[in-house]
Every structure is written in structure tokens, then in C-alpha cells.
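Novice: This is a predicted model, with the sequence first.
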Amino acid sequence: MIIQNSETTVHEADICIVGSGITAAMMAAHLAEHTTQSVLVVEAGKPTTAFRDRTRARERFLAYGESPWKADHLDDQNAFGTTWGFSPSMHVGGLAMHWGGVSPRYSPEDFQLRSLYGVGSDWPFSYTDLDPFYQEAEERMGVAGEQGPPALDPRGKPYPLPPLPINYNLAQLQQWAGKADIATWSTPSAKNSVERDGRAQCQRCDTCYPVCPTGAKYSPDFTWDALMAAKKITLLTQTLIRRLEADAKTGRITAATGNRTDATGAPVTVRAKTFVLAAGFVWSPHLLLLSRSEAFPNGLANRSGLVGKYLAGHRNVNAYLQLPMELLPGINAQHSLVSKQFMRPGKQSRYLRHDLRIWESSVGREPRLRDDNETLLFGDALLKDWQQRAKGATARVRGYYDVLPDKESKLWLDNTHTNRFGDPMPTMAFKDAPESAALREFQEESLRDLFRRMAKAGGGEILRMENSANDLGQEHPTGGCRMGTDPMDSVVNGDGRAHDHENLWVAGAPAQPTASCCNGTLTFVAVGLKTAAAIAKG
Ligand SMILES: Cc1cc2nc3c(=O)[nH]c(=O)nc-3n(C[C@H](O)[C@H](O)[C@H](O)COP(=O)(O)OP(=O)(O)OC[C@H]3O[C@@H](n4cnc5c(N)ncnc54)[C@H](O)[C@@H]3O)c2cc1C
Ligand code: SF4
């Protein structure tokens with residue numbers, strides 16, 4: 001229902017979800033199936049490049065390097081202090097309009113780091129508790145995967161889609177990894193290995209970044225379009241929520257208020273019984289901090305002082321190896337092998353967990369316009385040079401390793417940067433917990449050792465090794481509203497409900513206490529679905 005008055009537009013719904021990213025999309029789909037309550041989703045940005053326009057957007061990207069995503073951000077809504085671990089995308093579908101779709105699960109150890117290894121934090125639930133929500137996430141977005149050895153890759157039910165095929169290149173690399181005693185399998189991905197939901201089978205055309213022209217790769221707009229066509233939700237775009245208002249006595253959230261991000265800048269109020277913050281890892285804690293008031297001077301949900309704290313993520317060590325085998329460069333180079341062997345180590349004297357990914361790589365084998373003598377190459381000469389350079393094989397290997405977050409790994413309101421409405425923007429500073437900082441050299445050297453061992457096992461050599469490009473942030477960032485059982489040590493409970501506000505929930509990435517050592521989005525969504533199930537239950 002919309003109530004118009006002279007000052008502000010007021011929207012009313014049973015459930016208000018702030019943000020329209022992948023976590024929100026999956027939660028809205030769950031709520032639409034499990035409750036009769038009305039759901040209103042509020043998104044700061046616009047819809048951007050529709051599915052029907054993506055083939056052309058891809059053509060222009062390939063021909064001119066033009067971004068296929070028009071209008072995917074708000075110029076004045078930015079986080080500072082980090083160049084990595086923050087993406088300014090604000091549009092319908094959020095960051096997952098750009099994502100690669102790689103969807104591994106965390107390992108059971110992730111939920112019990114303190115109990116098993118004496119580091120980091122335990123989560124308030126186990127891998128087994130999350131397994132049904134992982135399954136639901138995989139089924140809703142359509143994850144194609146191969147069951148790894150169950151001891152390394154436990155799951156309650158099979159993957160919804162058969163795996164993306166291991167092509168000739170990956171089959172060769174799989175044999176090579178086997179020589180170093182490493183079991184690998186097809187990396188799970190939210191990409192159609194067979195036609196599904198009216199979307200094409202993956203054509204292996206290799207532009208998953210930045211855009212999939214066929215719809216084989218899942219993106220949240222598909223879910224929003226289906227929910228809106230079935231009239232299951234209302235999606236309010238170009239509306240930035242700037243404050244949540246809480247009753248001073250009960251702590252209940254009474255309204256979300258903000259403004260249109262179009263030229264009018266008009267004020268908007270949303271009244272609802274339940275509020276869900278699914279605005280991603282930066283903007284969810286930011287909004288809670290912005291919502292300070294006389295009754296809640298430190299912002300909402302912040303009795304513990306931990307809103308914006310314990311930002312988490314992981315780093316990687318990466319290597320390119322030359323191997324004595326023939327690979328065919330450029331054949332679905334975005335698909336890879338995965339191993340979880342090192343995510344499930346037994347008890348060990350020094351803490352190290354990492355994932356392992358293997359790709360065919362064109363590094364050192366690309367076509368070039370000038371030869372070693374700087375002479376320009378044309379036509380047949382260029383082709384001949386390339387054919388020669390394309391012989392042999394290069395593999396890329398990468399291990400993400402855990403970085404345990406420090407309490408002072410944090411985001412705060414910074415008055416030196418403001419948006420068009422005068423709101424302070426967030427500044428972030430990632431920091432390793434001392435126990436993690438002390439392990440860093442050992443962890444990175446162990447990964448380099450592993451890569452040397454792998455090269456040797458295959459009679460190859462290391463071409464180049466590198467660490468994560470940048471210390472200012474971390475990959476697959478999480479945190480800022482960590483979950484836990486103790487209200488003095490956490491912001492939300494194990495279902496994502498704020499300890500301090502009975503009708504406020506924080507969904508997905510910001511609620512996570514730690515960030516594992518693999519791509520995180522599948523887990524953000526699974527955690528969000530656990531929250532949606534608790535909301536639906538009432
Ligand atoms: C290039 C790229 C490749 C990636 N590849 C992978 C991959 O292969 N695998 C993987 O696991 N992850 C990948 N990721 C990360 C992944 O995309 C994100 O983890 C995921 O999309 C986060 O989803 P979310 O729902 O938590 O939040 P977001 O996508 O950040 O969505 C939050 C939404 O809330 C909106 N919002 C925020 N504040 C407000 C407000 N106050 N009012 C109204 N709306 C608001 C934002 O505009 C945004 O649309 C990739 C990311 C990028 C950029
Ligand atoms: S390889 Fe092509 S079709 Fe397959 S997911 Fe990537 S972009 Fe889409």
C-alpha cells in the first residue's frame with residue numbers, strides 16, 4: 001500500500017528488506033513460498049542492463065572495452081580506506097550482477113575454529129545445521145557441481161545440476177595434481193550445465209566476467225523478475241534508506257526512512273512489522289551506525305559496541321607454473337579444478353587452512369604484436385609466432401588462506417566524506433588478529449612450498465609467484481554485525497536477529513564471524529536463508 005502526502009511517500013508492508021543483492025533475492029523467494037506476509041524490497045540503485053540486452057553489451061565490451069553494466073553505481077555512495085574488499089556497485093541485483101558464480105561451501109571446520117584449533121571464533125551453529133540451507137541456496141540459484149570425496153566434501157544431498165565438464169585441459173591438470181597426491185574435482189559454479197529455468201546451457205564462451213550473454217550464469221535479476229511477474233513482492237528502486245527508527249522504550253523498529261536517489265531526492269518512509277537488513281557487508285553496519293538517536297547514541301543493535309567491527313576476509317598466494325604437457329590455450333579458461341584437502345587438516349602444530357584451485361592459463365603464451373626484437377608482427381608472421389608460443393602448458397594455482405579478524409578490523413562513520421544528503425560515508429581498516437598476523441609468513445611460505453612440490457611432481461617449473469595484491473582489504477569480505485549467543489560479544493543471534501531489537505534482522509555476509517578460505521557468496525546466501533526461515537516461522 002502507498003500513502004501519498006505532501007511531505008513524504010509512505011509505503012507499508014509486513015516485511016521490509018533493505019537491499020536487492022543475491023542474499024535478498026534468495027530470502028525474498030523463500031519468504032514468498034513460506035509466508036503470506038507482504039514483502040517490500042528497497043534498493044538504492046536502478047535496474048541495469050536487462051538480460052535481453054546482454055548479448056549486445058558483450059559485443060560492445062569485446063569490440064570497444066565498454067562496460068556492459070550501465071548505471072551500476074551511485075557516484076556519491078562510496079566506502080573509503082580500502083581499494084580491495086569493497087565494490088561500489090549499487091543496482092538491482094547488487095554485486096552478483098558482476099560475479100563469477102563460483103560457489104564452494106565452507107568446510108565443517110570453519111564453524112568450530114576455536115574448539116578445533118584454538119584460534120578465531122566458533123559459530124553459533126554447525127556445518128550440519130547449515131547443510132539444508134546450503135542445499136536450498138544451491139537449488140535456488142542452480143549450482144552445477146561434482147561431489148568430491150565425501151570426507152573432504154560432505155553434503156546431505158546431491159548437487160542440483162550435473163558438474164560443468166572437466167575438459168581436455170583440466171583432465172591433464174587433474175592427472176598432474178594426482179602426481180602430487182592432490183585429489184581435485186570440478187569447481188561448483190552457479191552456471192547452467194544443462195538448460196534450466198528457461199535459461200541456456202553454458203556455451204563456454206568465457207566472458208563470465210564481466211557479463212554472461214546467455215543467462216547460463218545465475219544473477220539475482222532472474223529471481224526478482226520472476227517474483228515480480230508472479231506479484232509476490234514489491235521492488236522499490238532508486239530509494240536509499242538512510243535511517244532505521246527504533247522505539248526508545250521497546251527497541252522495536254518502527255520505520256525505515258530515506259530518499260529517492262533520482263533527481264527529485266524526495267523523502268520516503270517505509271513502515272513494516274519486520275525489517276531485514278540485506279544491504280551487504282559495508283552498507284548494513286553503516287546503516288545501523290547512521291541510525292543513532294538519543295535513545296541509541298551508538299547506533300542500533302550496538303549494545304556490544306561491535307557494529308562495524310570484526311571485518312573479515314581472506315588472502316591468497318598465487319603461482320604460474322610451466323608444465324611439460326600440451327594444453328590448448330583459452331578453452332573455457334574460467335572453469336577450474338578445486339581441492340578441499342587443505343581445508344580439512346587434522347590437528348596441527350601451527351594453524352593453516354587453505355583451499356586450492358587449478359586453472360589452465362595463457363600466461364606466457366598469449367599472442368603478441370611485437371617479437372623479442374621489438375619488430376611488429378603482421379598476418380602469417382603473427383600467427384606463426386603465436387602458434388610457437390602456444391605450445392606447452394601453463395597452469396595457474398591459487399590458495400586462499402584464512403585471515404582471522406581482529407576486533408579493530410573495522411568500519412566507522414567518517415565525516416570527511418559525505419553523500420548528497422550529507423550522510424557520513426564509511427571508512428574501513430582491515431586488521432589481522434595478532435594470532436593471524438603471527439602466522440602469515442608461515443602460511444604464505446607453506447603455500448609456496450606446496451606449489452614448488454606440485455611443479456616438481458610434474459617435472460615443471462615455477463614461472464612466477466605472487467601474494468594477494470593488496471593489504472588494504474580482503475577478498476569475499478564479511479563481518480561488521482557478527483553473530484553469536486552472547487549479546488555482549490555479538491550483534492545478532494544465530495538466526496540473524498538483532499539482540500537489541502526483536503523485529504530487526506541482519507542477513508548474510510555481515511553476520512558472519514569469520515570468512516573461511518574460499519569464495520563466500522554461497523555461504524552468505526545460506527546464512528541469509530537460515531534467517532529467512534526463522535522470520536517465516538515467526
Ligand atoms: C567482479 C566480481 C566477481 C565476483 N565473483 C564471485 C564468485 O565467483 N564467487 C563468489 O562467491 N563471490 C563472488 N563475488 C562476490 C559476490 O558478488 C558478493 O559476495 C555478493 O554478491 C554479495 O551479495 P550481498 O547480497 O551480500 O550484497 P550486495 O550484492 O552488496 O547487495 C546489497 C544491495 O543493497 C543495496 N543497498 C545498500 N545499502 C542500501 C540502502 N541503505 N538502501 C537501499 N539499498 C541499499 C545495494 O545497492 C546493493 O544492491 C564477486 C564480486 C565481484 C565484484
Ligand atoms: S562461459 Fe559463457 S555462457 Fe558460460 S557462464 Fe560464462 S559467459 Fe555464460
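Specialist: Done, it's in. Ligands and ions are numbered 1, 2, ... in the order given.
Novice: hang on, residue 493 packs against residue 484?
Specialist: Yes. Contact between residue 493 and residue 484 holds when scored by Cβ atoms under 8 Å: they sit 7.4 Å apart. No exception for glycine: its C-beta is placed from N, CA and C like everyone else's.
Novice: list residues touching both of these two?
Specialist: Residues touching both residue 493 and residue 484 by Cβ atoms under 8 Å, 6 or more residues apart in numbering: residue 124.
Novice: Residue 316: neighbour count?
Specialist: 20 (other Cβ atoms under 10 Å).
Novice: quick one: secondary structure of it?
Specialist: strand (DSSP: H, G, I helix; E, B strand; the rest coil).
Novice: That one against residue 397, yeah?
Specialist: No. Residue 316 is beyond contact range of residue 397, at 10.2 Å (criterion: Cβ under 8 Å).
Novice: following the helix or strand bottoming out on mean pLDDT in the chain, which helix or strand comes up?
Specialist: Sorted by mean pLDDT, DSSP states H and E, the helices and strands of the chain end with strand 2-4, the least confident at a mean of 59. Remark: after strand 2-4, the chain's next helix or strand is strand 9-18, criterion DSSP states H and E.
Novice: does any part of that following strand sit near ligand 1?
Specialist: Yes. Legend: contact between strand 9-18 and ligand 1 by Cβ under 6 Å from any ligand atom is shown at residue 18.
Novice: Output the contacting helices and strands for that strand.
Specialist: strand 2-4, helix 22-34, strand 39-42, strand 234-236, strand 267-277 (3 or more Cβ pairs under 8 Å, 6 or more residues apart in numbering; DSSP states H and E).
Novice: and of these, who's closest to ligand 1?
Specialist: The closest of the helices and strands packed on strand 9-18 to ligand 1 is helix 22-34. By Cβ to the nearest ligand atom, the value is 3.4 Å.
Novice: what about that closest one and ligand 1, touching?
Specialist: Yes. Using Cβ under 6 Å from any ligand atom, helix 22-34 comes into contact with ligand 1 via 22-24.
Novice: now swap in stretch 511-524 and tell me
Specialist: Yes. Applying Cβ under 6 Å from any ligand atom, one finds that stretch 511-524 is in contact with ligand 1 at 519-521, 524.
Novice: From one end of that stretch to the other, what's the distance?
Specialist: Start-to-end span of stretch 511-524 (Cα to Cα, to the nearest Å) is 9 Å.
Novice: Can you pull the residues of the chain lying near ligand 1?
Specialist: 18-24, 42-45, 87, 90-91, 94-96, 98-102, 209, 240-241, 278-280, 283, 287, 476, 508-509, 519-521, 524.
Novice: Go through this protein and flag its longest helix.
Specialist: If you go by DSSP state H, the chain has its longest helix at helix 434-457.
Novice: Which SSE is immediately downstream of that helix?
Specialist: strand 461-467.
Novice: Which residues outside that following strand are in contact with it?
Specialist: 315-322, 363-364, 394, 444, 448, 451-452, 455.
Novice: same question for that strand, mean pLDDT?
Specialist: Looking at strand 461-467 alone, the average pLDDT works out to 94.
Novice: what are the C-alpha coordinates of it, in CSV please?
Specialist: Provided in CSV are the C-alpha atoms of strand 461-467 (Å, rounded to 0.1, in the frame of the first residue of the first chain):
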residue,chain,number,x,y,z
GLU,A,461,58.9,-25.1,-13.1
ILE,A,462,57.5,-22.0,-11.3
LEU,A,463,57.3,-19.0,-13.7
ARG,A,464,56.0,-16.5,-11.1
MET,A,465,54.5,-16.4,-7.6
GLU,A,466,52.6,-13.6,-6.0
ASN,A,467,50.6,-12.7,-2.9
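Novice: could you point out which element follows that strand?
Specialist: strand 475-478.
Novice: Which strands and helices lie in contact with that next one?
Specialist: helix 280-290, strand 312-323.
Novice: Can I get these in TSV including mean pLDDT and distance to ligand 2?
Specialist: Below are the helices and strands packed on strand 475-478 laid out as TSV (pLDDT from 0 to 100; distance: least, Cβ to the nearest ligand atom, whole Å):
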stretch	mean pLDDT	distance to ligand 2
helix 280-290	97	23
strand 312-323	96	21
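Novice: Which stretch among those approaches residue 304 most closely?
Specialist: helix 280-290 (11.8 Å; Cβ to Cβ).
Novice: what helices or strands is the closest one leaning on?
Specialist: When contacts are defined as 3+ Cβ pairs under 8 Å, 6+ apart, helix 280-290 packs onto strand 239-246, strand 267-277, strand 410-418, strand 424-429, strand 475-478.
Novice: out of those strands, nearest to ligand 2?
Specialist: Set against ligand 2 and scored by Cβ to the nearest ligand atom, the helices and strands packed on helix 280-290 come closest in strand 475-478, at 19.6 Å.
Novice: Mind telling me which residue of the stretch 1-150 of the chain is nearest ligand 2?
Specialist: Counting by Cβ to the nearest ligand atom, the stretch 1-150 of the chain gets nearest ligand 2 through residue 101, at 6.6 Å.
Novice: residue ranges with poor pLDDT in this protein?
Specialist: For the chain, applying pLDDT under 70 flags the ranges 1-6, 469-471.
Novice: and if we set it to 80?
Specialist: Applying pLDDT under 80 to the chain flags residues 1-7, 83-85, 469-472.
Novice: So which bits of it are right by ligand 2?
Specialist: 191, 202-208, 212, 214, 216-217.
Novice: now the end-to-end length of stretch 355-366.
Specialist: 28 Å.
Novice: Run the chain-centre distance for it.
Specialist: How far stretch 355-366 lies from its chain's middle: 22 Å, per Cα atoms, centre = their mean, to the nearest Å.
Novice: Contact partners for the residue in the stretch 351-500 of the chain positioned nearest to ligand 1?
Specialist: Per Cβ to the nearest ligand atom, residue 476 is where the stretch 351-500 of the chain lies closest to ligand 1, at 5.9 Å. Counting by Cβ under 8 Å, 6+ apart, residue 476 touches 313-314, 515, 518-521.
Novice: Pull out the buried residues from those residues.
Specialist: 313-314, 515, 518-521 (16 or more other Cβ atoms under 10 Å).
Novice: Give me the buried positions along the longest helix of the chain.
Specialist: 436, 439, 443-444, 446-448, 450-451, 454-455.
Novice: Stretch 310-323 too?
Specialist: For stretch 310-323, by 16+ other Cβ under 10 Å, it's 310-323.
Novice: do the same with stretch 89-109
Specialist: 89-109.
Novice: Repeat that for stretch 366-385.
Specialist: Result for stretch 366-385 [16+ other Cβ under 10 Å]: buried residues 377, 382, 385.
Novice: Report the contact partners of the first one.
Specialist: This means residue 377. Counted by Cβ under 8 Å, 6+ apart, residue 377 has contacts 368-371, 385.
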